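Novice: Provided below for reference: sequence and predicted model.
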Amino acid sequence: MKIPTIEEMLKAGMHFGHRTSKWHPKMEPFIFIVRKGIHIINLVKTQKLLNEALEYLKKSTSEGKIILLVGTKTQVKKVLKKVAEEVGAPYVSEHWLGGFLTNFPVIRNLIRKYKDLLEKRTTGKLDKYTKKERLDFDRKIIKLEINVGGLANLTKVPDIVFIWDIKKERTALAEANKKHIPVVAVCDTNTNPTGIDYIIPANDDATKSIRLIMDVVKEAILEGKTVVANQVVQTSTSIKPKI
């Protein structure tokens, strides 16, 4: 797993925070300097903390833990969804449903309903209904796709939540904290990092910053999955067949 160099992070604009008028005092330990009214993030600290966060994600994945990726901000949603699909992780990229973590049985029922409707449409079981009724089913499927489409394979509360922009996803953070679920999050200078277990201080708006961080998050999770796959292979080959 390759950790981005300081130069790579600079080129991605990860060091640019928000205007000093919009900062949160609890981000002060991660700020290097003020330049033209903008807080500049200390990338030496970012590199260290990013490495710690990635190692944690890798180790957790290798232990079979489920990581939920959350990011509904316009700039990140498509990238986050693509990464989640590539690593096979559950994700929320459109809309966070209140009570997702604190009242998971309700969400699990929505997931079941979504999968059931998809299966019925695919197998033609909805063909017996009128055109209007089929349109109603299609609307329900589209709505469920937005709300729980990224959670189709989730059967239990996730073990870890990765959040992009905790200011926007404050409900997700609050629910994770209430359920004592570890949180890894990208924090810009305008956010309150309280309640986050692994802080990644970085620009959360720039396209290049988003791609750079999400790429290494993907690598960390994939490497963790490789460890699991290797363990399965080693276990299966070590079992001697009975004669």
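Specialist: Now that the structure is in, tell me what you want to look at.

Novice: wait, doesn't I196 sit right on L173?
Specialist: Yes. Judged on CB atoms under 8 Å, I196 makes contact with L173 at a distance of 7.4 Å. C-beta here means a position set from N, CA and C on the backbone, and glycine is covered the same way.

Novice: ok, residues contacting stretch 168-185?
Specialist: Residues outside stretch 168-185 that contact it (CB atoms under 8 Å, 6 or more residues apart in numbering): 53, 56-57, 70-73, 92, 96, 98-102, 157-164, 166, 193, 195-200.

Novice: Can you list the buried residues in that stretch?
Specialist: Across stretch 168-185, burial judged by 16 or more other CB atoms under 10 Å covers K168, E169, A172, L173, E175, A176, N177, I181, P182, V183, V184, A185.

Novice: tell me which element L118 is part of?
Specialist: Take DSSP states H and E as the rule and L118 turns out to sit in helix 104-122.

Novice: three-state assignment of the most centrally placed residue in the chain?
Specialist: Centroid-nearest residue in the chain: L69, 1.5 Å away (criterion: CA atoms, centre = their mean). What DSSP: H, G, I helix; E, B strand; the rest coil gives for L69 is strand.

Novice: distance between the ends of stretch 124-140?
Specialist: 16 Å (CA to CA, to the nearest Å).

Novice: so where's the chain uncertain?
Specialist: 228-229, 231-243 (pLDDT under 70).

Novice: Specify the residue ranges that define each domain of this structure.
Specialist: 6-101+157-226, 103-153 (automatic domain parsing).

Novice: which element is F162 on?
Specialist: For F162, the element it lies in under DSSP H and E is strand 160-164.

Novice: partners of that strand in the sheet?
Specialist: Here strand 160-164 is paired, per DSSP bridges, with strand 67-70 (parallel), strand 183-187 (parallel).

Novice: I160: neighbouring residues, count only.
Specialist: 21 (other CB atoms under 10 Å).

Novice: What residue, apart from its backbone neighbours, is nearest it spatially?
Specialist: The shortest distance from I160 to any non-neighbouring residue, by CB to CB, 6 or more residues apart in numbering, is to I67 (4.7 Å).

Novice: What is the neighbour count of the one you found?
Specialist: 24.

Novice: quick revisit: how about the buried residues of stretch 168-185 in JSON lines, adding secondary structure?
Specialist: Shown next, in JSON lines, are these (three-state DSSP):
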{"residue": "K168", "secondary structure": "coil"}
{"residue": "E169", "secondary structure": "coil"}
{"residue": "A172", "secondary structure": "helix"}
{"residue": "L173", "secondary structure": "helix"}
{"residue": "E175", "secondary structure": "helix"}
{"residue": "A176", "secondary structure": "helix"}
{"residue": "N177", "secondary structure": "helix"}
{"residue": "I181", "secondary structure": "coil"}
{"residue": "P182", "secondary structure": "coil"}
{"residue": "V183", "secondary structure": "strand"}
{"residue": "V184", "secondary structure": "strand"}
{"residue": "A185", "secondary structure": "strand"}
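
Novice: can you tell me which two in those are farthest apart?
Specialist: Greatest spatial distance among those (CB to CB): K168 and P182, at 19.7 Å.

Novice: which residues of this structure fall in helices?
Specialist: 6-11, 43-62, 77-87, 104-122, 131-148, 170-178, 207-238 (DSSP state H).

Novice: Can you say which of those helices is nearest to T20?
Specialist: Smallest distance to T20 across the helices of the chain (CB to CB): 18.4 Å, for helix 43-62.

Novice: Pull out the buried positions in the closest one.
Specialist: Result for helix 43-62 [16+ other CB under 10 Å]: buried residues 43, 46-47, 49-51, 53-58, 60-62.

Novice: returning to what we had before: find the residues that touch each one of I196 and L173.
Specialist: In contact with both I196 and L173: I166, V183, A185, using CB under 8 Å, 6+ apart.
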